[in-house]
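[1] Have a look; sequence and predicted model below, questions after that.
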Amino acid sequence: MRKGKRKKRVALVFTLATSFEAELLRSVTEYAGNRGWILDMNPEPFLVSARALLSWPGDGVLAFLRTPARLRTARSLGIPVVNMAGALPPSEVPRVMVDQEAIGKLAAEHFLERGFRRTAYFGQRGMWYSRQRQRGFVERIRRAGGECRILEAPQSFDARYPWYRYMKLLEDWLQTLKTPVGLMAVHDYRARMVLDACARLGLRVPQDVALIGVDNNEVICTFSEVPLTSVARDGYREGYEAAALLDRLMEGHPPPKGDILIPPQGVVARASTDIEAIENPHVAAAVRLIREHLGEPFGVELLESHLSVSRRYLYYHFQQCLGCTPYRYINRMRVERAKQLLAAPTRLKLYHIARECGFSEPRRLRLVFRRLTGMTLGEYRRLVTARR
């Protein structure tokens, strides 16, 4: 920033209720420091109102606009505003947020990789992002020949309609689902409701109901009786891109024609989906063999010899049950194991990681990892390190 140039004032109008929002704040704060901004943080719970900001002497606002009234207020401020919430359909207020449909697609692919074709979606009525996540999930499941049952919960619970009154409806719905079923909840809070309902009904997670949420809320996901699998968002990048867009708007550049969408980081797998819903006994046995011998250099020949079936039989039924060949499934499991090792606090050398994943040399690990993830080993390691 040039000496003597007036520092811009930016209001941050959102709460810090989750680790995701803390990541947003971290990236915005770093961006602001580089640009010399003065940040004003709302000390109260989330609120955008004319009384709060119409007389505020600032230059721009980063906010979560979740209601039409707040959106109207934002338009009346007369300064650039960037919305970071997905509760409402696209509007003329510029927005940066996660790709909601991509979240649903990732969750669907996680279930499809585990052999699930019967699925369900537990959504949130009146929330645009819930419908978008549902669309991505359902379309991917149906494209693979699967089916999906849908239930929407109220947008929010309050003293007039507390959450425990809704649990009976949720439990009744869960009892109509044929198990095993792969269930996606719109976010981790609703996934926790499903966990509680399953416990009351005697439904086992993941054996009867495999469950995945969204946001990777560490408190909910790790302190549940069954640790919860969740789709993680890239809070740091969402915050950075929102700040960068606001910077351009404050400099007089025109707003983008549509929402700026940030890809989700990926699925953080935990115990709630640690199962395969595979009805073919040979494919189920093959998957067990692959998991048991993952750290050894083997190929499809091992499966043929142990199961006494032909390669043609294995290829056909793997495609039917898991949507891929045995060779691709082996590599997919090895790459998942490599991801776990790359994310470990202790920095392992690549030849150790390759050996633990059944690769004879790091070069082969590099090739397979990049082909399946689109990232190098170094890029993935930097990503998970920044996420901590």
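    In hand now; what should we look at?
[2] Dig out what the most centrally placed residue in the chain forms beta bridges with.
    Central residue of the chain (CA atoms, centre = their mean): residue 231, 2.2 Å from the mean position. Beta-bridge partners for residue 231, by DSSP bridges, are residue 214, residue 267.
[3] Surely it touches residue 103?
    Yes. Using CB atoms under 8 Å, residue 231 makes contact with residue 103 at a distance of 5.1 Å. From N, CA and C alone the C-beta is placed, and that goes for glycine too.
[4] Touching both of these two, which residues are there?
    214, 264 (CB atoms under 8 Å, 6 or more residues apart in numbering).
[5] can you give me the helices for the stretch 201-350 of the chain?
    Secondary structure of the stretch 201-350 of the chain by DSSP state H, counting those that start in this stretch: the helices cover 218-222, 235-250, 281-292, 300-307, 311-322, 326-342, 350-356.
[6] Tell me which of the ones you listed approaches residue 85 most closely.
    Nearest to residue 85, of all the helices of the stretch 201-350 of the chain, is helix 235-250, at 10.7 Å by CB to CB.
[7] can you tell me which residues contact the residue nearest to the centre of the chain?
    Residues in contact with residue 231 (CB under 8 Å, 6+ apart) are 103, 106-107, 212-216, 264, 266-268.
[8] In JSON lines: those residues, plus pLDDT.
    Below are the contacts of residue 231 laid out as JSON lines (pLDDT from 0 to 100):
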{"residue": "103", "pLDDT": "97"}
{"residue": "106", "pLDDT": "94"}
{"residue": "107", "pLDDT": "97"}
{"residue": "212", "pLDDT": "98"}
{"residue": "213", "pLDDT": "98"}
{"residue": "214", "pLDDT": "97"}
{"residue": "215", "pLDDT": "94"}
{"residue": "216", "pLDDT": "92"}
{"residue": "264", "pLDDT": "91"}
{"residue": "266", "pLDDT": "86"}
{"residue": "267", "pLDDT": "90"}
{"residue": "268", "pLDDT": "89"}
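[9] for the residues you listed, which one is nearest residue 303?
    residue 267 (25.5 Å).
[10] Tell me who's in contact with that closest one.
    Counted by CB under 8 Å, 6+ apart, residue 267 has contacts 106-107, 110, 212, 229-232.
[11] rerun at 6 Å
    Residues near residue 267 by CB atoms under 6 Å, 6 or more residues apart in numbering: 106, 110, 231.
[12] so what's residue 159 scoring on pLDDT?
    Reading off the confidence values, residue 159 has pLDDT 64.
[13] I meant to write residue 50 there.
    On the pLDDT scale, residue 50 is placed at 44.
[14] what helix or strand is the nearest residue to residue 376 once chain neighbours are set aside on?
    Leaving aside its chain neighbours, residue 376 sits nearest to residue 370 (5.8 Å; criterion: CB to CB, 6 or more residues apart in numbering). Secondary structure assignment for residue 370, by DSSP states H and E: helix 362-373.
[15] what inclination does the next helix or strand after that helix have with respect to helix 235-250?
    Heading C-terminal from helix 362-373, the first helix or strand you meet, by DSSP H and E, is helix 377-387. Here helix 377-387 points in a direction 80 degrees away from that of helix 235-250 (axes from the mean of the first three to the mean of the last three CA atoms, to 10 degrees).
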